[in-house]
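**Q** Dropping a prediction and its sequence here:
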Amino acid sequence: PMGDLPEGWEERGKPPTLFRRFTFGSYTDTRTFLDALAELSEETGNPPQKINFGTTYASITLEAEDGKELAETEYALATRINELGTEQGG
């Protein structure tokens, strides 16, 4: 296995994924987070495979690139997404 699981994330199922739900105080905060996530995705060329969101939450799913095993890439991306979330106070 890889390094430590980034805070707030959980490993799920087959194919292996990392999942986290972020909560926010307002729709504006949620939008700010999603905009930052879009910028991060462009920068890394590695967008999350699934994003579900509502007024005050966003749920992010990162899938193993090879469909078999989570790699450092996914853990690093989860850590970067955490930084976006804490900037929004989520």
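**A** All right, it came through fine.
**Q** Report the residue spans of the protein with pLDDT below the cut-off.
**A** Counting by pLDDT under 70, the chain has low-confidence residues at 1-3, 87-90.
**Q** secondary structure element for residue 67?
**A** Counting by DSSP states H and E, there is no helix or strand that carries residue 67.
**Q** burial of it, as a residue count?
**A** By other C-beta atoms under 10 Å, the residues close to residue 67 number 9. C-beta coordinates here come from the backbone N, C-alpha and C atoms, glycine included.
**Q** Quick check: nearest residue in space to it, chain neighbours excluded?
**A** residue 15 (4.5 Å; C-beta to C-beta, 6 or more residues apart in numbering).
**Q** does the one you found count as helix, strand or coil?
**A** Under DSSP: H, G, I helix; E, B strand; the rest coil, the three-state class of residue 15 is coil.
**Q** Make residue 1 into 7 and carry on from there
**A** Sounds good: first residue 7 from here, last item residue 21.
**Q** so what's it up against?
**A** Contacts for residue 21 (C-beta atoms under 8 Å, 6 or more residues apart in numbering) come out as 69-70, 73-74.
**Q** Quickly find the element holding the residue nearest to the spatial centre of the chain.
**A** Nearest to the mean C-alpha position of the chain, by C-alpha atoms, centre = their mean, lies residue 66 at 4.4 Å. Take DSSP H and E as the rule and residue 66 turns out to sit in strand 63-69.
**Q** quick one: contacts of that strand?
**A** With contacts defined as C-beta under 8 Å, 6+ apart, strand 63-69 is touched by 21-30, 36, 39-40, 43, 54-59, 76, 80, 83-84, 87.
**Q** Now it: buried residues?
**A** 64, 66, 68-69 (16 or more other C-beta atoms under 10 Å).
**Q** A helix includes residue 43, no?
**A** Yes. Judged by three-state DSSP, residue 43 forms part of a helix.
**Q** contacting residues for it?
**A** Taking C-beta under 8 Å, 6+ apart as the test, what residue 43 contacts is 54, 57, 64, 66, 87, 90.
**Q** Nearest to residue 16 among those residues?
**A** residue 66 (11.4 Å; C-beta to C-beta).
**Q** Great, nothing more from me.
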